[in-house]
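Asks: model the following, please.
(chains A and B)
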Amino acid sequence: MHLSHALFLAAVAISAATAPVGAQELSGTLKKVKDTGAITIGYRDASVPFSYLDGNQKPVGYAFEICLKVAAAVKAHLKLDTLEVRLNPVTSATRIPLIANGTIDLECGSTTNNADRQRQAAFTNTHFLTATRFVAKREKGLDKTDDLKGRTVVSTSGTTNIRQINEINTARGLGMRILPAKDHAEAFLMVETGRADAFVMDDVLLAALVAGSKTPDAYAISSEAQSRPEPYGIMLRKDDPAFKAVVDAATAALYKSPEGTALYDKWFTQAIPPRGINLKLPMSEAMRKTLANPSDSPDPAAY
Amino acid sequence: MNYTWNWGIFLEPSPEGAGTYADMLLSGLAWTVVTALCSWVIAFTLGSVVGVMRTLPSRTANAIGAAYVEGFRNVPLLVQMFLWYFVLPELLPARLGSAVKQMPDAPFYTAVLCLGFFTAARVAEQVRAGIRALPRGQAQAGLALGLTWAQTYRAVLLPNAYRIILPPLTSEFLNNLKNTSVALTIGLLELTARARSMQEFSFQVFEAFTAATLLYVALNLVVIAGATLLERRVAVPGGR
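Replies: Numbers count the residues shown, from 1 in each chain, chains lettered A, B, ... in the order given. Okay, here's the model as predicted:
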């Protein structure tokens, strides 16, 4: 009596759980989201304007907003009445363990999508293209890569940029002293205080740091780039094709719609919180093409 | 866990252009060892002086010693690193300040000074405790023999005190060794910093930190073995 009752309940529960998506078995992240009724977004605290904390210590930003749209698409796909969006702060050092162990389902920041990293995580369609450049005090007159010869240069430790500048330094024999800083703010502080002549970083982050500094006019970003355009992507667990398909479809639909362009304009050409700075980065031709033809390729040549 | 293990990563070339990831970690290990040893020289010398000051009969010496210990012991090491690296050069005269900032290997010198001064406060407390642990009769006997205070300390009190505090000093040295990792925040490319950049380049975070952990443990075991040998060598025959 008891046993058959329990079996009956179990059968009802199983059919209820699988019913909304028909015959298709849920697996991976989709199953987890369905079971827990929650999706967890990993955000950065200082990657302006992609994912950062505003004046009320709430995460905001371009990538963060895309993630919210993805969460809404997941909710619609699973036909859920409510979906709790949990937020979890991540750093460049913690994002991989947190993705791998299931703490976060989407990583929304300024993470470069490259082939090495694809061995450990999956990326959805590219949401931004950036190139490596450097910022220096305008009075120093540094503009081209070769101007850095023999200079002290800082970059953020563990980024693709510090790797590129190291490669350039070795390849061209420029004899730069390359210092690693623990984060972008510290690296910029080193240029501000004169401890380093230039800070090598993704151009968009440099634009944000300059726009947010006390004297934006005192800094100049190099005209020559030190890399090809690099794609930024939202990171997901790898080997989860069902979830990736949902996320890819959601981002592709968003980027192709006028909303994608509007979202770009909102974060890159208008005043943004918390202090109303304006990055003044109109959409480039490559970026326009990427939004029209969404791609998750890690290869810079594809853009 | 959805993680792809790849232990072969250590033999792959590192993106810095020279050598493999293993070479990168080993160069970090070398910086860790050098930083720990150099800062220990400062910590031990200065710590002994301050520790002795706190046991002297002079009130002024006591007050100076106490101020030093409380100052350096109560401010977190991370904050001290930041102060030494970013604030100190701004307080110096402009030309000297920018010379300090542009100095090659500035993070290394800063880390050595900062760790040395920080650990000195802790060594000082141990030296003080060691001297206090001696029977009061020892100092009195030394003075009664006609030795000055300096001679009493050098010939009687300190040799005994150091023997007593050798085990905690070993722990302190191990702490100092591990504390070198805080220097990654000012850009010293020591072992933890190297493990971090390795995981950033390759995304193989667990391999990188497993290797770093094993290297730290191995290093500390060597130190402990050395300290045990030293303890045996300097033990007073028949004592304890």
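Asks: who in chain B is up against chain A?
Replies: With CB under 8 Å from any CB of the partner chain as the criterion, chain B meets chain A at residues B:1-4, B:6, B:15-18, B:86, B:89-90, B:98, B:101-102, B:104, B:106-107, B:184-185, B:187, B:189, B:193, B:196-197, B:199-206. Every C-beta, even on glycine, is put in place using the N, C-alpha and C of the backbone.
Asks: please indicate which of those are buried?
Replies: B:2-3, B:15-16, B:86, B:89, B:101, B:106-107, B:184-185, B:187, B:189, B:193, B:196-197, B:199-205 (16 or more other CB atoms under 10 Å in any protein chain shown).
Asks: ok, back up a step: helices - which of the residues of chain B next to chain A land there?
Replies: Secondary structure from DSSP state H places B:89-90, B:98, B:101-102, B:106-107, B:193, B:196-197, B:199-202, B:205-206 of those in helices.
Asks: of the residues you listed, closest to chain A?
Replies: B:Glu200 (2.8 Å; CB to the nearest CB).
Asks: surely the closest one and A:Ser157 touch.
Replies: Yes - in this structure B:Glu200 lies within contact range of A:Ser157 using CB atoms under 8 Å: 7.3 Å.
Asks: average pLDDT across the biggest helix by length in chain B?
Replies: Scanning chain B for the helix with the most residues, using DSSP H, yields helix B:21-53. Averaged over helix B:21-53, pLDDT sits at 97.
Asks: can you give me the offset of it from its chain's centre?
Replies: Relative to its chain's centre, helix B:21-53 lies at 5 Å (CA atoms, centre = their mean, to the nearest Å).
Asks: what's it packed up against?
Replies: Applying 3 or more CB pairs under 8 Å, 6 or more residues apart in numbering or on different chains; DSSP states H and E, one finds that helix B:21-53 contacts helix B:59-74, helix B:106-133, helix B:158-179, helix B:191-202, helix B:205-234.
Asks: okay, and the common contacts of B:Glu200 and A:Ser157?
Replies: Common contacts of B:Glu200 and A:Ser157 (CB atoms under 8 Å, 6 or more residues apart in numbering or on different chains): none found.
Asks: chain B contacts on the stretch 201-303 of chain A?
Replies: A:Arg237, A:Lys238, A:Asp239, A:Asp240.
Asks: can you say which of the residues you listed are buried?
Replies: Buried, going by 16+ other CB under 10 Å: A:Arg237, A:Lys238, A:Asp240, out of these.
Asks: show me the contacts for the first one.
Replies: For A:Arg237, the set of contacting residues under the criterion of CB under 8 Å, 6+ apart consists of A:Gly28, A:Thr29, A:Ile99, A:Ala100, A:Gly102, A:Asp105, A:Ala121, A:Ala122, A:Phe243, B:Asn2.
Asks: let me know whether the last one touches A:Gly102 as I believe.
Replies: Yes - the pair formed by B:Asn2 and A:Gly102 meets the contact definition of CB under 8 Å, at 7.3 Å.
Asks: circling back: how much does the longest helix of chain B deviate in direction from helix B:59-74?
Replies: Taking axes from the mean of the first three to the mean of the last three CA atoms, to 10 degrees, one finds helix B:21-53 and helix B:59-74 inclined to each other by 150 degrees.
Asks: flag every buried residue along helix B:21-53.
Replies: B:21, B:23-25, B:27-29, B:31-33, B:35-36, B:38-40, B:42-44, B:46-53.
Asks: how about stretch A:214-226?
Replies: A:Tyr219, A:Ala220, A:Ile221, A:Ser222, A:Ala225, A:Gln226.
Asks: what's the closest of these to A:Leu205?
Replies: A:Ile221 (10.5 Å; CB to CB).
Asks: so what's that closest one up against?
Replies: A:Ile221 neighbours (CB under 8 Å, 6+ apart): A:Arg133, A:Phe134, A:Val135, A:Asp203, A:Leu206, A:Ala207, A:Val210.
Asks: much appreciated, bye for now.
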